[in-house]
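Undergrad: heads up, no residue letters with this:
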């Protein structure tokens, strides 16, 4: 059996994710582990209610829940091989993986699904796979992490010409699809090596999140404290 995290159709890996800040996950009422975790979150005065069936918690608070109520499970995850992990792959396992790999994660929106017929096991090409749905709601890109000082000046100019930044603007917020579409249009009209170097750096960093179409905070200034 394979383990699949449905995060833009990418496989769960140990590669760190520096983009994601807010995600959306789902727990199921008729799963005992999910219901136990939902009860802990729902009773926590520090968790914020987003709706009758959604709660918003911080990454640190979620880790506290896991360490408080599922410590034995966390210890077991460290000792189970990849071959046998499907026997342990509960919501706690996937959330623990999320907390390990999403380095800039700040908030988790937790939804409760009351569908009694849910099943996380699906068949993909006749192989049984465990699917865990995660949606990225918001992320950020610091341009000075992508480019050196010379490249940063060039990338700012290109983004201004593409209509994505104003002169001396330190940050801007977009929907990811809107941002990538503007880059594609500018790249098609200005197909030079310099332009491709900048646009491809953004595309390679962000295309894995395109299906979720999260909100993206673009930070351009070295001195920014965002």
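TA: Right, received. Where do you want to start? Please read these numbers as outputs of a predicted model, since none were measured by experiment.
Undergrad: could you show me where the helices are in this structure, in order?
TA: With helices called from DSSP state H, the chain shows them at 32-43, 59-69, 71-77, 91-101, 143-146, 149-161, 176-189, 193-206.
Undergrad: got the angle for the first one vs helix 91-101?
TA: The one in question is helix 32-43. Relative orientation of helix 32-43 versus helix 91-101 (axes from the mean of the first three to the mean of the last three Cα atoms, to 10 degrees): 60 degrees.
Undergrad: neighbouring contacts of helix 32-43?
TA: Helix 32-43 has contacts (Cβ atoms under 8 Å, 6 or more residues apart in numbering) with 27-29, 47, 55, 57, 65, 68-70, 90-92, 110, 112. All C-beta atoms are positioned from the backbone trio N, CA, C, and that covers glycine.
Undergrad: can you list the domains in the chain?
TA: 2-138, 147-219 (automatic domain parsing).
Undergrad: can you put these in a markdown table and add mean pLDDT and mean neighbour count?
TA: Listed next are the domains of the chain as a markdown table, based on pLDDT from 0 to 100; neighbours: other Cβ atoms under 10 Å:
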| stretch | mean pLDDT | mean neighbour count |
| --- | --- | --- |
| domain 2-138 | 83 | 15 |
| domain 147-219 | 94 | 16 |
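Undergrad: quick one: which of the contacts of helix 32-43 is nearest residue 176?
TA: residue 110 (22.5 Å; Cβ to Cβ).
Undergrad: can you tell me which residues contact that closest one?
TA: 25-27, 38, 41, 54-57.
Undergrad: In this structure, where's the longest strand?
TA: strand 127-142 (DSSP state E).
Undergrad: Let me see the contact set for residue 195.
TA: 158, 186-187.
Undergrad: If we only consider these, which is nearest to residue 122?
TA: residue 187 (36.5 Å).
Undergrad: Was I right to think that closest one contacts residue 196?
TA: Yes - counting by Cβ atoms under 8 Å, residue 187 touches residue 196, with 6.7 Å between them.
Undergrad: Kindly provide the distance from residue 161 to residue 38.
TA: Residue 161 sits 49 Å away from residue 38, taking Cβ to Cβ, to the nearest Å as the criterion.
Undergrad: for residue 29, what are its contacts?
TA: Counting by Cβ under 8 Å, 6+ apart, residue 29 has contacts 35, 38, 112-114, 116.
Undergrad: ok, now how distant is residue 193 from residue 154?
TA: In terms of Cβ to Cβ, residue 193 sits 11 Å off from residue 154.
Undergrad: just checking, residue 206 touches residue 18?
TA: No - using Cβ under 8 Å, residue 206 makes no contact with residue 18, being 11.6 Å away.
Undergrad: All set now, cheers.
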